[in-house]
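> For reference, the sequence and a predicted model appear below.
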Amino acid sequence: MKSAAFWFLAPALGLIALFFLLPIAAAFLLSLTDFDIYAIGDPAALRWVGWENYRQVFEHPLFWTALGNTFYFVLIGGPLSVGLSLGAALLLNHRLTCCKTLLRTVYFLPVVSTLVAVAVVWRALYSPDAGLLNQLLGAFGIQPIDWLGDPRFAMPAIILMAAWKNFGFNMIIFITGLQAIPERLYEAARLDGAGSWAQFRFVTLPQLAPTFLFVALMTMIGYLQLFAEPYVMTQGGPANATLSLVMLMYQEGFRWWNMGFAAALAFVLFAIILAAALLQLSLQRKGGV
Amino acid sequence: MRLGLARWCELIRTKTSTQATVRMNFHLRMSLVIVFSIFMLLGCNPQPESQGGIILDLWALGSEGERVRALLPAFEQQNPGVRVRVQQIPWSAAHEKLLTAYVGGTLPDVFQLGNTWLAEFVTLGALLPLDAVLPQAAQADIFPGVLAAHRLQGHLYALPWYVDTRLLFYRADALQQAGVAQAPQTWSAWVDTLRRLRAHSGHAPLVLPFSEWQTLIALGLQQQAALLREDGRYADFSHPAFRDAFRFYIQLFREGLAEVGGEQRIGNLYQAFAEGRVLMLVSGPWNLGEFERRLPPAVQASWATAPLPAPDGAPFPGRSVAGGASLAINAHTPHAQAAQALLAYLAEPDVQLAFYRATGDLPVRMSAWTLGDLRQSPRIDAFWQQLQHAQGVPQVAEWERIASALMRHAERAARGLVSEEQALADINQEADRILSKRRWMLEQQKP
């Protein structure tokens, strides 16, 4: 009986071991060596360096910049994106809204469109001379802003684009969460004399809490791995203002072939994500969820 | 995998040719047709016509990969039995692709590479020494600075294919209007010209992107800075010679003669140059063709090129970086002889000239310039003059990485985030760290 279960599971377990566990173990071993361009040419040039790579991660001139940028992106972009999703979901779930299916499709469209194509369009929007955004701001008398060229504005520009690109997915999840709230709870609240704000505060939000937890967690995990947006929009510039941890990992690993160091950075990022996820879970549990 | 594919091709070919004699049922025939067309799609290459022929695989980068094909039939005629198969690879992915191919043991027989990657591939032991491919006379016909950049540890590891160096592109009409008679020949004249241009136009006239290290390094070479010391064991950026160059470079930004991040603000360079929002840039030969193609006719008469200015008191023109692309042979190719013949052919003056006509890439053979009267055009002649004063960068595998760190710190200094002194100290420290493995490797090699 037992062995039958094993054989049914074996193909899946085998694939997981081969393509998931084995590479992780290999990457961990790699992170304890100084595997680099010299080691490719001559395996004798490979040195076992123990935790040296991990120490160097924290001394890397760009690590703290990248970490700061990543947190900036997560702390501003995450709430913005989740808030946008919730707002859009509430609007779309309202009984007075028309053409719901159409709007839902339109809001979801950015999620499924190719990032590179989206980036081209947003580059045009952000263009300092002819961009639509600066023309809009100009109508209010605001001086043109060099969105992608100015280190102060590059990250906000990336955040804005990422929030726009991603909010549709969370919106769909919120809509399902909203639809799962039984109508009788609202009826009861109305009978108790609750206005629309009170209904939202005391019925919708608590009922949405599990959805909220899921959305917040997934968004945070996804946003900590910021890569594609700066990769196609700014290449990490200007003055490294949009260099994220994964960007740094890519540069070290594939541009400079510093595989050992890049692997160590990957495990550091994993630890950060794990810590952030645990922190968030414990916070939300304390919050009474 | 490859062998298996070849066998399949063979099998299918014999099956299809004997189709007439062997009566096959419809299903088998149909399935063979389907399988055959799938293999056609997968790139089942036809075998060479001559028996025992050699196929040379050549990886060429960018548009050169497209244009070089036209030169190859003549080579194949001269070398019966040899066929060249060209694979085109985009520049942006080339470095990663070549490294990965080396790791996977799938490097082609001959490949193109940027000449600053050379040290890296020599370190890997991926390249065949090419000292005997060209006779001495032909080697002497190549721009000396360019050829020197291909010689490592006393051996020639690649042949330059076309040259690249950086010099001034400018709007001659704007210089005239600002009261400057000719392109600047000294650093102080350069600054003076830029000041006048700015006063006349009201904006920063020069574009200096931080993504291009060549300009700053050229200024350093002009001050005779060694850049690295002790055989590339340590960085030497705080040396007074480089410090002068660095100060001059940063000064251009501090004075508003070039704008930090200007290249992003102007958007399309050619449009900005045509509209006079950019009046001067430091760029390479590819822009000769681009400017001719992309600038409107009204501006065509008013742009010019000039060699880089030299530091005050040094002879004009100032040095620039010897760049360009090279051709190298895989150290493990089974067709070394044919590959060397291909390289020798591509280095012949008339082939170089034909390649220039097809691509606009400047020939490495000086006799090709004479052959094609290239110096007739003053814009191209500026490159000729500059190439006589071109010098390679230090030949260490870590060069690109060091240069990129250098520009990162230069940008910080130009933005005023750190002082110049601090930036130079930071660069030195970071470059020393990057070179630590090299130091260890050199220690190991000592007997």
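On my side now, so go ahead.
> from here on, contacts and neighbour counts on C-alpha atoms
Fine.
> Low-confidence stretches in the stretch 51-200 of chain A?
For the stretch 51-200 of chain A, no stretch has pLDDT under 70.
> Give the rounded mean pLDDT of stretch B:420-432.
Stretch B:420-432 comes out with an average pLDDT of 95.
> Geometric centre of the chain: which residue is closest?
I'll assume chain A. Closest to where the C-alpha atoms of chain A average out (CA atoms, centre = their mean) is A:Tyr223, at 1.8 Å.
> The chain in question should be chain B.
Nearest to chain B centroid, counting by CA atoms, centre = their mean: B:Gly324, 3.3 Å.
> what helix or strand does the residue nearest to the centre of chain A sit in?
helix A:205-224 (DSSP states H and E).
> quick revisit: chain B versus the nearest residue to the residue nearest to the centre of chain A once chain neighbours are set aside, what's the distance?
Leaving aside its sequence neighbours, A:Tyr223 sits nearest to A:Val74 (CA to CA, 6 or more residues apart in numbering or on different chains; 5.6 Å). To chain B, A:Val74 is 25 Å away according to CA to the nearest CA, to the nearest Å.
> Could I get the contacting residues of B:Leu308?
By CA atoms under 8 Å, 6 or more residues apart in numbering or on different chains, the contact set of B:Leu308 is B:166-168, B:185, B:317-320, B:386.
> where in chain B is pLDDT low?
B:1-52, B:447.
> Any idea how many residues pack against the residue in it positioned nearest to chain A?
Nearest residue of chain B to chain A: B:Leu124, at 4.0 Å (CA to the nearest CA). For B:Leu124, the count of nearby residues is 19 (other CA atoms under 10 Å in any protein chain shown).
> element containing the residue lying closest to A:Ala216 once chain neighbours are set aside?
Of all residues not flanking A:Ala216 in the chain, A:Val82 sits nearest, at 7.0 Å (CA to CA, 6+ apart). Secondary structure from DSSP H and E places A:Val82 in helix A:78-93.
> what residues does that helix touch?
A:97, A:100, A:103-104, A:163-164, A:166-172, A:174-175, A:178-179, A:215-216, A:219-220, A:223.
> Give the buried residues for it.
Residues of helix A:78-93 classed as buried by neighbour count (16 or more other CA atoms under 10 Å in any protein chain shown): A:78-86, A:88-90, A:92-93.
> List the contacts of the residue in the stretch 101-250 of chain A positioned nearest to chain B.
As assessed by CA to the nearest CA, chain B sits closest to A:Gly149 within the stretch 101-250 of chain A, at 5.6 Å. Contact analysis of A:Gly149 by CA under 8 Å, 6+ apart lists A:237-238, B:261, B:264-265.
> Quick one: the helices in the stretch 51-200 of chain B, in order.
Here the stretch 51-200 of chain B has its helices, by DSSP state H, counting those that start in this stretch, at B:64-67, B:72-78, B:91-104, B:118-124, B:136-140, B:144-148, B:172-177, B:187-201.
> ok, back up a step: off-centre distance for the helix holding A:Val82?
16 Å (CA atoms, centre = their mean, to the nearest Å).
> and if you look at stretch B:134-143?
20 Å.
> number of nearby residues for the closest residue to B:Phe383 other than its chain neighbours?
Using CA to CA, 6+ apart and skipping the chain neighbours, the partner closest in space to B:Phe383 is B:Pro307 (6.9 Å). Using other CA under 10 Å, B:Pro307 has 28 neighbouring residues.
> Verify the stated contact: B:Pro307 with B:Gln385.
Yes: if you go by CA atoms under 8 Å, B:Pro307 and B:Gln385 touch, sitting 6.8 Å apart.
> Quick one: name the residues of the stretch 101-250 of chain A near chain B.
By the rule CA under 8 Å from any CA of the partner chain, the part of the stretch 101-250 of chain A lying against chain B is A:127-129, A:146, A:148-150, A:238-239.
> circling back: which strands and helices lie in contact with the very next helix or strand once past the helix holding A:Val82?
Counting by DSSP H and E, the next helix or strand C-terminal to helix A:78-93 is helix A:100-112. Counting contacts by 3 or more CA pairs under 8 Å, 6 or more residues apart in numbering or on different chains; DSSP states H and E, helix A:100-112 is packed against helix A:78-93, helix A:151-179.
> Serialize those helices to CSV and add fields for distance to A:Glu252.
Shown next, in CSV, are these (distance: least, CA to CA, whole Å):
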stretch, distance to A:Glu252
helix A:78-93, 26
helix A:151-179, 21
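> one step back: pull the contacting residues for the residue nearest to B:Phe383.
B:167-168, B:317-318, B:382-383, B:385-386.
> How about residue 254, nearest residue that isn't a chain neighbour?
Chain wasn't specified; assuming chain A. B:Glu96 (6.8 Å).
> nope, chain B
Per CA to CA, 6+ apart, closest to B:Arg254 is B:Ala414, 6.7 Å.
> what do you get for A:Phe28?
A:Ala263 (6.9 Å).
> what's the average pLDDT for the helix or strand that that neighbour is a member of?
Per DSSP H and E: A:Ala263 is located in helix A:259-286. In this model, helix A:259-286 has a mean pLDDT of 92.
> now the angle from that helix to helix A:205-224?
170 degrees (axes from the mean of the first three to the mean of the last three CA atoms, to 10 degrees).
> And helix A:259-286, what's buried?
So, applying 16+ other CA under 10 Å, buried residues of helix A:259-286: A:259-269, A:273, A:276-277, A:280-281.
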